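S.K.: The sequence isn't on hand, but the structure is:
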Ligand code: FES
Ligand code: FES
């Protein structure tokens, strides 16, 4: 597949179709009770602090069996024969599934994310460690592992390649002939606007540089896993999945089709999830096979990867990149072109220069991504697919500043804009869409500069030696805030009988970003109830497709749905409060607010009251009434029960759940086609030892214009948590393969180094609130941003310290020494 | 049934904040049922010699708060307190723990240790998978050092990995819990949370 034409789309038209803030938010709240208030406790705090929180890996069911996969010892090999007889005889082994099983032969596809689909139990492995050939189910994980060791496999080894540039060279052996029979270059993606040749001709100066990015991985704490139990015809499935509804959709196609209504899906707390695995069809293969094994054994089956097996699902940033930049003497950039060869990307369509297009006034931009396949694990967006784009922005701006001897902050401010237009044009668009017109980047950099002491500390590269012999460096980078708002959301909400507390329904994965609390805050403020009385039940499939936490779209999609549902529910509450009385067989209820209209009433602190006479009041709890025979007959789901019995009037005080979805608000916004107004800027201070190449980060300042903070703990947690993850990815994290054997060398947490609490210096997180986001109340997502932008910042910080550019990331000591000509 | 067997036992004991390895070669184990005292309660558990304490706690005693993240002594998620010292339960064989006093996150939570409230207040968790291990390590620190400095907290907690990057919050929470504990020790009733 090739896409040689950059898309020609009328950006303005697209933008106007995409979103109209004036229509979308006709009732801005003047005051918030819990939204944006410091100190709102997270709803899951006690569960998680006390060890009571349950994860899929914790699931224990009576009679449960445990399953493990066979994995390939070779980077590219096919099974030509397999003897599982000893494994089958081992005491405690209950079932062995083989690739040539009649129910699996022909490669049953398990689907997964829309874009990839793999066989549940393949015969051929395309990387060392790939799950293939056999799946052993036993009384314990340990017995399953022992059984795997007894399986005798006859392998046919094939040639393998690990280097992307070698993989696309003419005559290279095929790395995955099953999927890509013609070439290891499976896709070329072109993007851009303007005419770069024209832009280079207009430049005073043109520079070129190359950079590389090693393979890193999510390294989250809960191993990929799942559990399946058949209850008669009903499939009860526990998924460790960021996207439970996509999993359910896939499950419904298995075993000849299972009606959605017969699948009971549980999505417990996730031991982290940063995208990644959720998009891997593999993740579902284990569950598919558990379903099959559960059917054969009549017992529940849990499968899990080992810690090492988890390391093969990598990040999609790895690759080699060539950049050319043209610019004027004053720092105005006229053109950028970049070619990247990326590694095993299932989805290269996120580009490599997208942020320069979306985020700057650079008139001529061109990017070409060549997606090559090598014999390593799959790459998937892991916090997040914008990483390469962020590296590009960072390195382009800092290289230009360096070439001109300018302050990189000034170069950024000079080139801020969108889609090739300047800031003035962008400001006109903000006004057109009903947003406040604020200079987000300037606000961010001013706050950040003050916090890090940029004015006093920034210096010419390689000029500041510290008393301890190390070199001092300061770095800066920036880009826009993003939320892809990819998808729709449905939310159910109702008042509980007896006490009027509020339940929000909607199945989604909790990955720890504290969005659940934010939704409770939104519902509480919109309904006029205390936030402590609101709960979001998100773990069990309630039939609603609630947007998952990926693509930073928590609040910008679900937030709308929660807010709209709350507004409808409040309206219904007030309508029923003035409605004719209700009767049941046993009792009748006095009218709550006779003679009034809904608009005469309001709700505060869980109390309905007459605006003109606040003493005329009734708590929601009293109004809703008790459950059971003494209360009004209502249904907990759907519309009020109309049983047609004598004595029941309609309408009456019922509280049917309210459903709403965010799709109409997000219509036309898939894949980030909207203009981005909010910016982020980050600063890093380092000390570099020129003898050892060691980089110590002493301070990080993150500044994010999040539009509006709903939940402070959530926002700040994403900022400092993201910064810490970014430090690891920028400095130490790299999955290393042995060039000769193709075997992964460091698939464990002893040798793959994620940061400890001693590794990042001080972190200061600053939130800017311009209200220019597309989410409710003007919010914008922050979940992916900092972890994605930060790794690149190590580059300019080290350059400022040493005066030389490292051209490879992570900036490990060997790469730093190489830049210094010492290695 | 008592069996006589030799095992090579590796015990990694978190001590004074640093993780030290002590290797006990060929200790004789003569039973496959161990008596464990967990959170003040006695259990007799049949164990296989290669089973880790983490496995026995979570899979056999249902104490799933003791998590396994790395499974090889690198992350602290599985920390429990054994006879007063923090121990990595994924690196400890259950069969060696006969007669030991073991304290897990469940016991700490049940005792209303001020760390719990402080952890909630300071939002020390994101996904929460690592959180119990942090609380247990912090409890062991406060047991032996009621007034730790920031440096001492960092040293004690450096063996606990959090992929979500919650570290800055822990330091505040541990300091606050320490202050509450000191008030209690002085005979006060603890600070307002
Ligand atoms: S699970 Fe025991 S130290 Fe990581
Ligand atoms: S909170 Fe997720 S690993 Fe620590």
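M.R.: Received, thanks. From a predicted model like this one, the values you see are computed outputs, not experimental measurements. Ligands and ions are numbered 1, 2, ... in the order given.
S.K.: contacts and neighbour counts: CA atoms only from here.
M.R.: Fine.
S.K.: and residue 140, backbone torsions?
M.R.: Going with chain A. Note on residue A:140: backbone dihedrals following degrees, to the nearest 10 are phi -150, psi 160.
S.K.: think we crossed wires, I meant chain B
M.R.: The phi/psi pair for residue B:140 (degrees, to the nearest 10) reads phi -60, psi -40.
S.K.: can you count the residues close to it?
M.R.: By other Cα atoms under 10 Å in any protein chain shown, 26 other residues sit near residue B:140.
S.K.: my guess is it meets residue B:79, correct?
M.R.: No. Residue B:140 is beyond contact range of residue B:79, at 9.8 Å (criterion: Cα atoms under 8 Å).
S.K.: Give the residues shared as contacts by those two.
M.R.: Counting by Cα atoms under 8 Å, 6 or more residues apart in numbering or on different chains, the contacts common to residue B:140 and residue B:79 are residue B:86.
S.K.: so where does the closest residue to ligand 1 within chain B fall, helix or strand?
M.R.: Of all residues in chain B, residue B:73 sits closest to ligand 1, at 3.4 Å by Cα to the nearest ligand atom. Using DSSP states H and E, residue B:73 sits in no helix or strand.
S.K.: What distance do you get for the nearest residue to residue A:401 once chain neighbours are set aside to residue A:599?
M.R.: Nearest non-adjacent residue to residue A:401, counting by Cα to Cα, 6 or more residues apart in numbering or on different chains: residue A:408, 5.0 Å away. According to Cα to Cα, to the nearest Å, residue A:408 and residue A:599 sit 55 Å apart.
S.K.: The two: which is more packed in?
M.R.: Shown here are residue A:408 and residue A:599; by other Cα under 10 Å, residue A:408 has more neighbours (23 against 12).
S.K.: All the helices of the stretch 401-550 of chain A, residue numbers only.
M.R.: With DSSP state H, counting those that start in this stretch as the definition, the stretch 401-550 of chain A shows helices at residue ranges A:408-415, A:423-432, A:440-452, A:454-457, A:515-527.
S.K.: Ligand 1: which of these is closest?
M.R.: Ligand 1 sits nearest to helix A:515-527 of all the helices of the stretch 401-550 of chain A, at 27.3 Å, using Cα to the nearest ligand atom.
S.K.: For my notes, confirm residue A:725 occurs in a strand.
M.R.: No. Per DSSP: H, G, I helix; E, B strand; the rest coil, residue A:725 lies outside any strand segment and is helix.
S.K.: Distance from the stretch of helix or strand residue A:715 belongs to to the middle of the chain?
M.R.: Under the criterion of DSSP H and E, residue A:715 resides in helix A:712-731. The chain centroid and the centroid of helix A:712-731 are separated by 13 Å, computed with Cα atoms, centre = their mean, to the nearest Å.
S.K.: where's residue A:618 relative to residue A:477, distance?
M.R.: Using Cα to Cα, one gets 54 Å for the distance from residue A:618 to residue A:477.
S.K.: Check residue B:35 too.
M.R.: For residue B:35, the distance to residue A:477 equals 58 Å [Cα to Cα].
S.K.: Now do the closest residue to ligand 1 within chain A, the pLDDT please.
M.R.: Taking Cα to the nearest ligand atom as the measure, the point where chain A comes nearest ligand 1 is residue A:749, at 8.2 Å. Predicted confidence (pLDDT) for residue A:749: 97.
S.K.: Let me see the contact set for it.
M.R.: Residues near residue A:749 by Cα under 8 Å, 6+ apart: A:219, B:70, B:74-75.
S.K.: Repeat the analysis, applying 10 Å as the threshold.
M.R.: Going by Cα atoms under 10 Å, 6 or more residues apart in numbering or on different chains, residue A:749 touches A:219, A:307-308, A:311, B:69-75, B:161.
S.K.: For the helices of the stretch 401-550 of chain A, could you give me CSV that also reports distance to residue A:780 and mean pLDDT?
M.R.: Below are the helices of the stretch 401-550 of chain A laid out as CSV (distance: least, Cα to Cα, whole Å; pLDDT from 0 to 100):
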stretch, distance to residue A:780, mean pLDDT
helix A:408-415, 21, 98
helix A:423-432, 15, 91
helix A:440-452, 13, 98
helix A:454-457, 27, 97
helix A:515-527, 13, 95
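S.K.: Quick one: closest of the ones you listed to residue A:293.
M.R.: Closest of the helices of the stretch 401-550 of chain A to residue A:293 is helix A:515-527, at 34.9 Å (criterion: Cα to Cα).
S.K.: From the chain's centre, how far out is the closest one? Work that out for me.
M.R.: 21 Å.
S.K.: Which strands and helices lie in contact with it?
M.R.: Counting contacts by 3 or more Cα pairs under 10 Å, 6 or more residues apart in numbering or on different chains; DSSP states H and E, helix A:515-527 packs against strand A:502-505, strand A:534-537, helix A:560-577, strand A:601-604, helix A:712-731.
S.K.: Near ligand 1, which residues of chain B are found?
M.R.: B:68-78, B:88-90 (Cα under 6 Å from any ligand atom).
S.K.: As a markdown table, those residues with neighbour count would be great.
M.R.: Shown next, in a markdown table, are the residues of chain B next to ligand 1 (neighbours: other Cα atoms under 10 Å in any protein chain shown):
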| residue | neighbour count |
| --- | --- |
| B:68 | 28 |
| B:69 | 26 |
| B:70 | 24 |
| B:71 | 21 |
| B:72 | 18 |
| B:73 | 27 |
| B:74 | 21 |
| B:75 | 26 |
| B:76 | 34 |
| B:77 | 32 |
| B:78 | 34 |
| B:88 | 31 |
| B:89 | 30 |
| B:90 | 29 |
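S.K.: Could I get the average pLDDT for stretch A:498-513?
M.R.: In this model, stretch A:498-513 carries a mean pLDDT of 89.
S.K.: Just want the residue of the stretch 451-600 of chain A that's nearest ligand 2.
M.R.: For the stretch 451-600 of chain A, Cα to the nearest ligand atom, closest residue to ligand 2: residue A:512, 6.9 Å.
S.K.: what's that residue in contact with, if anything?
M.R.: Residues near residue A:512 by Cα under 10 Å, 6+ apart: A:44, A:48, A:269-273, A:549, A:714, A:717-718, B:125-129, B:164.
S.K.: distance of it from residue B:130?
M.R.: Applying Cα to Cα, the value for residue A:512 to residue B:130 is 11 Å.
S.K.: Can you pull the residues that touch both of the two?
M.R.: A:48, A:271-272, B:164.
S.K.: mind checking how far residue A:419 is from chain B?
M.R.: 34 Å (Cα to the nearest Cα, to the nearest Å).
S.K.: That residue: neighbour count?
M.R.: Residues lying near residue A:419 (other Cα under 10 Å) number 26.
S.K.: wouldn't it be in contact with residue A:429 here?
M.R.: No. Counting by Cα atoms under 10 Å, residue A:419 stays clear of residue A:429, with 11.9 Å between them.
S.K.: before we move on, the earlier item: any chance of the helices and strands packed on helix A:515-527 in a markdown table with distance to ligand 2 and mean neighbour count as columns?
M.R.: Shown next, in a markdown table, are these (distance: least, Cα to the nearest ligand atom, whole Å; neighbours: other Cα atoms under 10 Å in any protein chain shown):
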| stretch | distance to ligand 2 | mean neighbour count |
| --- | --- | --- |
| strand A:502-505 | 24 | 24 |
| strand A:534-537 | 20 | 21 |
| helix A:560-577 | 25 | 24 |
| strand A:601-604 | 35 | 20 |
| helix A:712-731 | 9 | 26 |
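S.K.: Distance to residue A:208 for the ones you listed - can I get that in JSON lines?
M.R.: Shown next, in JSON lines, are the helices and strands packed on helix A:515-527 (distance: least, Cα to Cα, whole Å):
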{"stretch": "strand A:502-505", "distance to residue A:208": "53"}
{"stretch": "strand A:534-537", "distance to residue A:208": "52"}
{"stretch": "helix A:560-577", "distance to residue A:208": "45"}
{"stretch": "strand A:601-604", "distance to residue A:208": "62"}
{"stretch": "helix A:712-731", "distance to residue A:208": "22"}
